[in-house]
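Undergrad: quick one, structure for this:
(chains A and B)
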Amino acid sequence: MENQLTSYLTQLLERSANQKGLDWLSTQIEKIRTEAIPSKFFLAFSQASRYFKKEKLEVSNDLIIQADQLVSGFQPEFWDQLQTARTVLMLSYPQEKKPWFTAMNQLFETADMKEHQALFAALPLMPFQEELIPRAIDGLRTNISLVFDAIALNNPFPEKYFPEANWNQMVLKAIFMQRPLYRIQGLEERRNPTLAAIARDFAHERWAAGRAVMPEIWRLVSPFVNEQFFEDLKKTLATKDELQIKAALLTLRESAYLPAKELLKAYPDQVATLDMDAIAWESIGLEFQRTRV
Amino acid sequence: MYIDPHIHVVSRTTDDYEAMQKAGIVAVIEPAFWLGQPRTEVGSFKDYFSTLVGWERFRASQFGIVHYCTMGLNSKEANNEALAEQVMELLPLYVGKEGVVAIGEIGYDDQTEAEDKFYRLQLELAKEVDLPVLIHTPHRDKRKGTIRSMNVSEEHGLDPKMVIVDHNNEETVKEVLDRGYYAGFTIYPHTKMGSERMVEIVRHYGPERIIVNSAADWGISDPLAVPKTADLMRKSGIPEEHIKLVTYQNALTAFGQSGQMDERDWLDAAPLDQTKKMSGNSVLRGGQTPRVEGKTDIVEN
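TA: Below you'll find the predicted structure:
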């Protein structure tokens, strides 16, 4: 598997990076593979920043599809050149369990910001994934948004592995940090009543403090709308804020709660302009990030 | 635009960062040093080094300031030899990180044998990874300690152009400059230099290879020492281009030899946008609005 991934990632780099960097990388890969000396691996991992830029990869549609076939949910279109090169180096380190963990633990513990970003975003490409769950959960305790994003956004790892409590903590922290929720993989699939209640408490806390509520949080509520959530959505509809209203209408539309269906009838024009769920939520998230964050 | 090439910002508040940014400081270098409280475990060094390349770098960026650091085992803690040995094993993990612009601050404190041993080992490390060296000169017996630092550095074959000798005063500056080193001056109230003395030094020696810094830390010190000294130089008739050299360009030239510090890091950075600053931020917690000007008795919501 790691060979397939390495050649895929190298292919991506060949489209964006310069020859000097690529030559350096292939030398390092060879050394790391054959010698497996931790200190040399760490040094190469750090020094990749001298050869690769922090610019986004150029990824064609075909390559995007190929990525998802290799690892379900892998989205290299959100990756930059430097983290891709670092991931190639990481994959080149021999995957013999005990020494692999010794080396990776040290790398995680001494990483700088960009190194952390590369490591955490590459979790779904790593071996021994189930044993890396605590590492991912611990990583989310960061307050550095770059690192938080690497785990929480466009990454299939949390959806696949996180227990519900940790999943809920991650989504709540994303709300608190005002990160774009639509970029969390599995956001809809892993909705649950506990998280809906947490989101509701959070909204109430914001309202009590006289602050606006991030409209994307109502997406977490749709399957669980009851009398209480219904009151919150009515309150949201009463704001003069178009994004809030849109979010409330989408939530009502998806909900099976009968009074919700009734209430929708009062907004025929607005409902007619709403897109399909996923697209509509994405546009709300985008608009919120663009104008309010 | 100013660079403060020696400041321990981990000890400073967000008010300081705001004031520094407003005063025109675009970049800082944070040399690894001791923390006042001596460390007793190697893990404390590891987490401190990680802070310098991690959290503090991020925190500075939230205020529109580019943060670099130097890595090294300081002379005071070199005296705990058993611990120092372990720190030496740790250093190679950090010296290649992004934004590490020198090995430092290293050198002598009490000028003991242990200090000498680890100073020499770190000079060799600097040569191996081709990084500049930042030398801390001792508070006590300064002149002798400074000369010894340079002698030992030359014994190990380092090019003086790659070495910044810091915390100079009127008694050390001539020899440091004559021997081809960069000479750092720390404007630190009551102990090292005052800004008026600094003006006279620049007037007398000219701006070549002279670098002004604050070394502000957890003591009574001033994170605005560099811009304040520049202002005083201006009022005292020092030419603008000389001021630029000693408060910006010389530091960039010296530490830029690392390949890790480039003017584009701040010139090409997106302009600091107070609303954008809040994005995913954490220094300003959950939706807190950054204070822009003036202090009132209302804490903003």
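Undergrad: from now on I want contacts and neighbour counts done on CA atoms only, so please keep to that.
TA: OK.
Undergrad: does the host helix or strand of A:Ala44 reach chain B?
TA: For A:Ala44, the element it lies in under DSSP states H and E is helix A:38-47. Yes - applying CA under 8 Å from any CA of the partner chain, one finds helix A:38-47 in contact with chain B at A:39, A:42-43, A:46-47.
Undergrad: show me the strands in the stretch 151-300 of chain B, by range?
TA: Counting by DSSP state E, counting those that start in this stretch, the stretch 151-300 of chain B has strands at residues B:163-166, B:182-186, B:210-213.
Undergrad: with just CA atoms, put the second one into CSV.
TA: Coordinates of each C-alpha in strand B:182-186 appear next as CSV, following Å, rounded to 0.1, in the frame of the first residue of the first chain:
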residue,chain,number,x,y,z
TYR,B,182,28.6,41.0,14.3
ALA,B,183,28.2,43.0,17.5
GLY,B,184,24.8,42.8,19.3
PHE,B,185,23.8,45.5,21.8
THR,B,186,21.0,44.8,24.3
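Undergrad: can you pull the buried residues of that strand?
TA: Buried residues in strand B:182-186, counted by 16 or more other CA atoms under 10 Å in any protein chain shown: B:182-186.
Undergrad: which one of these is nearest chain A?
TA: Distance to chain A across these (CA to the nearest CA) is lowest for B:Tyr182, with 25.5 Å.
Undergrad: name the nearest residue to A:Pro127, sequence neighbours excluded.
TA: A:Gln95 (7.3 Å; CA to CA, 6 or more residues apart in numbering or on different chains).
Undergrad: surely that neighbour touches A:Phe128?
TA: No - contact criterion CA atoms under 8 Å: A:Gln95 and A:Phe128 do not qualify, at 9.1 Å.
Undergrad: neighbour count for those two, which is higher?
TA: A:Gln95 (17 against 14; other CA atoms under 10 Å in any protein chain shown).
Undergrad: please settle this for me: is that one part of a strand?
TA: No - under DSSP: H, G, I helix; E, B strand; the rest coil, A:Gln95 falls outside any strand and is assigned coil.
Undergrad: do the lengthiest helix in chain B and chain A meet?
TA: Using DSSP state H, we find that the single longest helix of chain B is helix B:113-129. No - taking CA under 8 Å from any CA as the criterion, helix B:113-129 and chain A are apart, separated by no less than 10.3 Å.
Undergrad: buried residues in that helix?
TA: B:114-116, B:118-120, B:122-127.
Undergrad: now whichever strand or helix holds A:Arg135, how far from the chain's geometric center?
TA: With elements taken from DSSP H and E, the one containing A:Arg135 is helix A:133-139. With CA atoms, centre = their mean, to the nearest Å as the basis, helix A:133-139 stands 14 Å off its chain's centre.
Undergrad: which strands and helices sit next to it?
TA: Using 3 or more CA pairs under 8 Å, 6 or more residues apart in numbering or on different chains; DSSP states H and E, the elements in contact with helix A:133-139 are helix A:145-152.
Undergrad: could you dump the buried residues of strand B:182-186 to a markdown table with pLDDT and distance to chain A?
TA: Below are the buried residues of strand B:182-186 laid out as a markdown table (pLDDT from 0 to 100; distance: CA to the nearest CA, whole Å):
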| residue | pLDDT | distance to chain A |
| --- | --- | --- |
| B:Tyr182 | 98 | 25 |
| B:Ala183 | 98 | 28 |
| B:Gly184 | 97 | 28 |
| B:Phe185 | 97 | 30 |
| B:Thr186 | 96 | 28 |
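Undergrad: for the closest residue to chain B within the stretch 151-293 of chain A, grab phi and psi.
TA: Closest to chain B within the stretch 151-293 of chain A is A:Met177: 4.6 Å, counting by CA to the nearest CA. Backbone torsions for A:Met177, taken as degrees, to the nearest 10, come to phi -90, psi 0.
Undergrad: okay, it: pLDDT?
TA: Note for A:Met177: predicted pLDDT of 92.
Undergrad: distance of it relative to A:Arg141?
TA: 12 Å (CA to CA, to the nearest Å).
Undergrad: so B:Val101, which of the three states?
TA: strand.
Undergrad: no, scratch that, I was asking about B:Val26
TA: strand.
Undergrad: quick check: it touching B:Pro5?
TA: No - assessed by CA under 8 Å, B:Val26 is found out of contact with B:Pro5, at 10.7 Å.
Undergrad: can you give me the neighbour number for A:Leu63?
TA: A:Leu63: 17 neighbours (other CA under 10 Å).
Undergrad: close to chain B: what parts of the stretch 51-200 of chain A are there?
TA: Proximity of the stretch 51-200 of chain A to chain B, by CA under 8 Å from any CA, involves residues A:110-113, A:143-145, A:176-179.
Undergrad: make it 10 Å
TA: For the stretch 51-200 of chain A, the residues in contact with chain B (CA under 10 Å from any CA of the partner chain) are A:106-107, A:109-116, A:142-146, A:148-149, A:173-180.
Undergrad: of those residues, which belong to helices?
TA: Reading helices off these with DSSP H, I get A:106-107, A:109-110, A:113-116, A:145-146, A:148-149, A:173-176.
Undergrad: picking that back up, for ChimeraX, write the select line for the buried members of the residues of the stretch 51-200 of chain A next to chain B.
TA: Buried members of these, defined by 16+ other CA under 10 Å, are picked up in ChimeraX with:
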select /A:107,110,111,112,113,114,115,116,143,144,145,146,148,149,173,174,175,176,177,178,179,180
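Undergrad: many thanks, have a good one.
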